[in-house]
Every structure is written in structure tokens, then in C-alpha cells.
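**Student:** Sequence and computational prediction follow.
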Amino acid sequence: MDSDLVRMEVLNALYSSGNPLRIRKTKSSSSTGEAAKASCCPNFRVVFAIEALLDDYGGSISKMKFAIQGFGNVGSWAAKLIHERGGKIVAVSAITGVVENPNGIDIPALLKHEESTNSLKGFNGGDAMDPNNLLIHECDVLISCALGGVLIKDNVADVKAKFVIEAANHPTDPEADKILSKKGVVVLLDIYANAGGVTVSYFKWVQNIQGFMWDEEKVNHELEKYLRRTSHEIKAMCSTHGCNLRMGTFTLGVSRVARATLLRGWEA
């Protein structure tokens, strides 16, 4: 076994398994500093993954129109940050309603309306529409933040987006994925697109070992760095193997696990 890996395993056994500080993993809303605020809703960091993807394709959030399915913890924060970065959000859906506005939805106003009414219905900054039309709405980027299995062979032929972001778990079924690939639609796989939450959880573990609390700026900086680096590695894997982003992402993940297995001296 690699000597550095041995040292790492020993240190892990000494300092993490016993949890010497008896730290509880909670979602506390008490005044515990910026790091607490940063970790309460980590999934909104899907925007970092979107930025990295668009950079690779010569685009930017400020030049794109977005449609977002789902306006919960993931979708609402994605909408907020996209709006702050100059992106135009033309359609949003939730279980409580669907809003569209070709000129762009005022997201702060929509968030305020949703907070006061617990619904998207009745918002006067856009028009209601059939929820089934959200996935095929005219846009550049479609972000799926709700349910799995929503993009299927029966509807993807009508998808108009150039990019599909899988911020939900497995929203695209295999047959639909093949159709999107033939159409030239770029699909950002869920295991990367919504990895912000589990990555921030890893950062909590790191802080536990360090006995040190990061502020929100540090959390965001480290997360963006991780996601951008991984985006470049996925793109390199696609170039090496001549495959799409889905296969490139899976290949990168398998190669990392295989390397770790070999370094530990385990039988394959």
C-alpha cells in the first residue's frame, strides 16, 4: 500500500472515527456564523456547475434564457443566483403552480409572493401555463430540480433547450437520453450537477477534523474550485474516449474508484 495512503488511513482512524469533539450533524438555525448559513442549503450550488459547463461551451449565464422545473430548496436558490448573475428565467414550475414570462420573471418578487402565499398561483409578474409544457418551453437551459423520470421518449423530441441540467435525481430515462444526444442537446449528469450538497457535507467533515469553522466565502470558494476542476476532468475524459458528458462523467467516477481500490491494495 502507498505509504502516504497508510498515513492517511491511520490519521482517519485516530481523529475521525471517535468523533472526539462529539459534534452533532444538525441543520441548526442558531447564530453559529457564516458557515452555518452556507451549509443549510448547499444544493443551490448547482449554479457553480452550470457556470463551469457554460464556460466550456463559450457561453455565460447572463446570455441565456432558463426554464426551471421545481421551486423548492434546489430550484428556488438556483433561480435566485441565476437572476443575480443576469440570467433571464422565462418559466418556473412547482406543485403549486407554473409561471411564464418571455421577458424574464422577477425572481425576488416571485420568492416574496411564494413566501407569503405558499404558492406560485396568483403571481402578477407572469402568466400561468400548463405544467406539462414547462419541459418543452422555449429556452436555452432547462433545469430539472423536481422529480426523476420526467424526461422520457414521449416528450424529449419537443425539448427546445440546448442544455439540460439534471439537478434532480435521474430525471432523464435512457431512451430519452439517446434522443437528446442525437439532437445535440448537452445533458449535465445528475451525479455532477447536484453534487454541491454532498461536497459541502464533506467540507463539514473536514472542518470537524480541523476543529475549525470556515466562513461562507471559504465554503463557496472551495466548492467552486472542486466543481470547475471536475468539469475540466469530465471534458478531458470525453475527449479521450470520444463520448458524451454522461459517459464521460461515469467513466471519470469509475476511474477514481478503481484508482483508490488499487492504492489500498484491495483485490479488484
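**Tutor:** Great, that's in hand.

**Student:** what stretches of this protein score poorly on pLDDT?
**Tutor:** The model of the chain has pLDDT under 70 over residues 1-44, 267-268.

**Student:** Next, give phi and psi for residue 158.
**Tutor:** In this entry, residue 158 is assigned phi and psi values of phi -100, psi 0 (degrees, to the nearest 10).

**Student:** Return the residues in contact with it.
**Tutor:** Taking Cβ atoms under 8 Å, 6 or more residues apart in numbering as the criterion, residue 158 is in contact with residue 136. Placement of C-beta: from N, CA and C, glycine included.

**Student:** measure it to residue 70 for me?
**Tutor:** Applying Cβ to Cβ, to the nearest Å, one obtains 19 Å for the distance of residue 158 from residue 70.

**Student:** same thing with residue 177?
**Tutor:** 19 Å.

**Student:** When those two are compared, which one has more neighbours?
**Tutor:** residue 70 (24 against 20; other Cβ atoms under 10 Å).

**Student:** which ones are touching that one?
**Tutor:** The contact partners of residue 70, by Cβ under 8 Å, 6+ apart, come to 93-94, 143-147, 167-168.

**Student:** right, and out of those residues, which lies closest to residue 196?
**Tutor:** residue 167 (9.4 Å; Cβ to Cβ).

**Student:** in the protein, which spans are strands?
**Tutor:** Per DSSP state E, the chain carries strands over the ranges 65-69, 88-94, 97-100, 127-128, 141-144, 163-166, 186-188.

**Student:** Tabulate those strands (a markdown table), appending mean neighbour count and distance to residue 264.
**Tutor:** Shown next, in a markdown table, are the strands of the chain (neighbours: other Cβ atoms under 10 Å; distance: least, Cβ to Cβ, whole Å):
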| stretch | mean neighbour count | distance to residue 264 |
| --- | --- | --- |
| strand 65-69 | 25 | 41 |
| strand 88-94 | 24 | 45 |
| strand 97-100 | 22 | 49 |
| strand 127-128 | 12 | 55 |
| strand 141-144 | 28 | 36 |
| strand 163-166 | 25 | 31 |
| strand 186-188 | 23 | 31 |
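
**Student:** Off-centre distance for the biggest helix by length in the chain?
**Tutor:** Under DSSP state H, the helix in the chain containing the largest number of residues is helix 216-241. Using Cα atoms, centre = their mean, to the nearest Å, the distance from the centre of helix 216-241 to the centre of the chain it belongs to is 12 Å.

**Student:** of all the contacts of residue 70, which comes closest to residue 59?
**Tutor:** Distance to residue 59 across those (Cβ to Cβ) is lowest for residue 143, with 14.6 Å.

**Student:** This completes my enquiry, with thanks.
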